[in-house]
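Trainee: Okay, here's the prediction I keep looking at, along with the sequence it came from:
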2 protein chains.
Amino acid sequence: MTSTGPRTSSRPGKSAIIAAALQCFHERGYEGSSIRDVAQVAGVTGAAVYHYYDSKQDLLMEIMEDFLAKSITATKNAVARAGSDPVARLFAAAQSHVLWNTSDIAASFVVNSEIRSLSPENRAKHIPKRDELQRIFDSAVEDGCREGLFETPWPLEASRAVTVMCTFVARWYRPGGPLSAEEISWRYGHMALSLVRAVRGPHMELPAYDGGMTIEPTSF
Amino acid sequence: MTSTGPRTSSRPGKSAIIAAALQCFHERGYEGSSIRDVAQVAGVTGAAVYHYYDSKQDLLMEIMEDFLAKSITATKNAVARAGSDPVARLFAAAQSHVLWNTSDIAASFVVNSEIRSLSPENRAKHIPKRDELQRIFDSAVEDGCREGLFETPWPLEASRAVTVMCTFVARWYRPGGPLSAEEISWRYGHMALSLVRAVRGPHMELPAYDGGMTIEPTSF
């Protein structure tokens, strides 16, 4: 429980309630969690939760919108830093998406499994933002195809496959595993380029398979 | 409600209860569904559910084990039919995995989101089978790398990315969409080969990007 200052020291702020809701939704799902569960995990009363949120649905929507908005910002920033080259843009988008999702595996799980639990109104607000994120990937892949840099005959399918494979790294990644999130994200950047059939060039040169199960990142 | 014969005509069989459980778990999650919910959807009493299953956990385990066992069988059969060539084996595994997951999007969703809800004992039984499925993909990718057919420096990461992208087609695929599951699975077979950097050859020739968003399947 984090104190946010003398005036609220007896009541955790919104961030503690959001963290508790995330933990509950991740462990038991949205429908399997009550406001009472969230309050208990946050160490507050149900009334304290209702002080900030009108309903459990509002809590879910805030979690989903916040994660998605930051995901879009992170991807846009990474792509902007990469410049105009579609190769660099796709690499940056894939890498950034892996890093973002692995940075909060509970939120990634909830956002990617609880669209079903959004109210029709909230879903109608959420889906266009999800599509906006996908369009960042699509745009890099389509530009790469137009410029003859990517040879996939199916830019949109390949782009969706890239987003999906990067998103769901968060399902198996755990901090402290054999590879850091940075190392994994770097490999996924390259795998994204392979998936869209990026034409070979200096930027696509990779070490040959050495017979081992995994090449240690220090080899690069 | 399906009658399974005169002796059981007043009580749906196990398959109706499994179908109801799948629908509940898919819509509301495991923790968000009760045996009462399942019975209601199946149109039976809770006692009728308990006639077949000792607990909700048993229902979940049967759903997960059945889907995974059939998934392994389908993938093994597809790979066996493909022969010894790693290119054909990976293509077949990817294609089969897309077809299998899109054949039951509710079961695919539940199996891929409710590992968290398995009891420790059931989880200990389930995980080795999930790994057995992954190993079919891994073996094709590793053989392809050893034979110089695939140039990915990260066979296991690429193999996992292939499995993930094929599994989660079921998250966006809906019957009646612009592409059939067969057409999608064929594209994913090719995308899997791209992802592992299969060396170019006659089997890897694909039509060039024609500037459209999607190439219609009839073009092939």
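Mentor: That came through fine. None of the values given here were measured: they were computed from a predicted structure.
Trainee: what about the closest residue to A:Lys14 other than its chain neighbours, neighbour count?
Mentor: Once flanking residues are discounted, A:Lys14 sits nearest to A:Tyr52: 5.1 Å by CB to CB, 6 or more residues apart in numbering or on different chains. From N, CA and C alone the C-beta is placed, and that goes for glycine too. By other CB atoms under 10 Å in any protein chain shown, 15 other residues sit near A:Tyr52.
Trainee: same thing with A:Val164?
Mentor: Count around A:Val164 with other CB under 10 Å applied: 21.
Trainee: do the same with A:Ala124
Mentor: Count around A:Ala124 with other CB under 10 Å applied: 10.
Trainee: Could you give the backbone dihedrals for the residue nearest to A:Lys14?
Mentor: Here is the backbone geometry of A:Tyr52 (degrees, to the nearest 10): phi -100, psi -30.
Trainee: That one and B:Trp154: what is the separation?
Mentor: 44 Å (CB to CB, to the nearest Å).
Trainee: the domain parsing of chain A - what is it?
Mentor: A:6-52, A:56-219 (automatic domain parsing).
Trainee: Point out where chain A drops to low pLDDT.
Mentor: Scanning chain A for pLDDT under 70 picks out the ranges A:1-12, A:200-220.
Trainee: just the strands in it please.
Mentor: Assigned by DSSP state E, the strands in chain A number zero.
Trainee: And the helices in chain A?
Mentor: A:14-28, A:35-42, A:46-52, A:56-82, A:86-102, A:105-111, A:120-146, A:155-167, A:169-172, A:181-195 (DSSP state H).
Trainee: Give me the helices and strands touching the third one, please.
Mentor: This points to helix A:46-52. The helices and strands touching helix A:46-52, judged by 3 or more CB pairs under 8 Å, 6 or more residues apart in numbering or on different chains; DSSP states H and E, are helix A:14-28, helix A:35-42.
Trainee: In this structure A:Ala42 contacts A:Lys14, no?
Mentor: No. Counting by CB atoms under 8 Å, A:Ala42 does not reach A:Lys14; the two are 10.0 Å apart.
Trainee: So between the two, which is more surrounded?
Mentor: A:Ala42 (23 against 14).
Trainee: Which residues are in contact with the closest residue to A:Ile136 other than its chain neighbours?
Mentor: Closest residue to A:Ile136 apart from its sequence neighbours, by CB to CB, 6+ apart: A:Thr75 at 5.1 Å. Shown in contact with A:Thr75 (CB atoms under 8 Å, 6 or more residues apart in numbering or on different chains): A:Ala93, A:Ser96, A:His97, A:Trp100, A:Leu133, A:Ile136, A:Phe137.
Trainee: Save these as a markdown table, and put in neighbour count too.
Mentor: Formatted as a markdown table, these follow (neighbours: other CB atoms under 10 Å in any protein chain shown):
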| residue | neighbour count |
| --- | --- |
| A:Ala93 | 29 |
| A:Ser96 | 23 |
| A:His97 | 29 |
| A:Trp100 | 24 |
| A:Leu133 | 20 |
| A:Ile136 | 22 |
| A:Phe137 | 27 |
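Trainee: Looking at those, spot the one nearest B:Ile184.
Mentor: A:Phe137 (18.0 Å; CB to CB).
Trainee: So for stretch A:48-57, what gets flagged as buried?
Mentor: For stretch A:48-57, the neighbour count (16 or more other CB atoms under 10 Å in any protein chain shown) marks A:Ala48, A:Val49, A:Tyr53, A:Lys56 as buried.
Trainee: you'd agree A:Ala88 is up against A:Ala82?
Mentor: Yes. Between A:Ala88 and A:Ala82 there is a contact at 3.9 Å, judged by CB under 8 Å.
Trainee: Show me whatever sits in contact with both of the two.
Mentor: By CB under 8 Å, 6+ apart, no residue touches both A:Ala88 and A:Ala82.
Trainee: Leaving aside the residues adjacent along the chain, what's closest to A:Val169?
Mentor: A:Val98 (5.0 Å).
Trainee: and the one you found, what does it touch?
Mentor: By CB under 8 Å, 6+ apart, the neighbours of A:Val98 are A:Cys166, A:Val169, A:Ala181, A:Ile184, A:Ser185, A:Tyr188, A:Gly189.
Trainee: which of these has the most neighbours?
Mentor: So for the contacts of A:Val98 (other CB under 10 Å), the most neighbours sit at A:Cys166, 30 neighbours.
Trainee: Would you mind confirming that that residue is in contact with A:Ala92?
Mentor: No. If you go by CB under 8 Å, A:Cys166 and A:Ala92 don't touch, sitting 11.6 Å apart.
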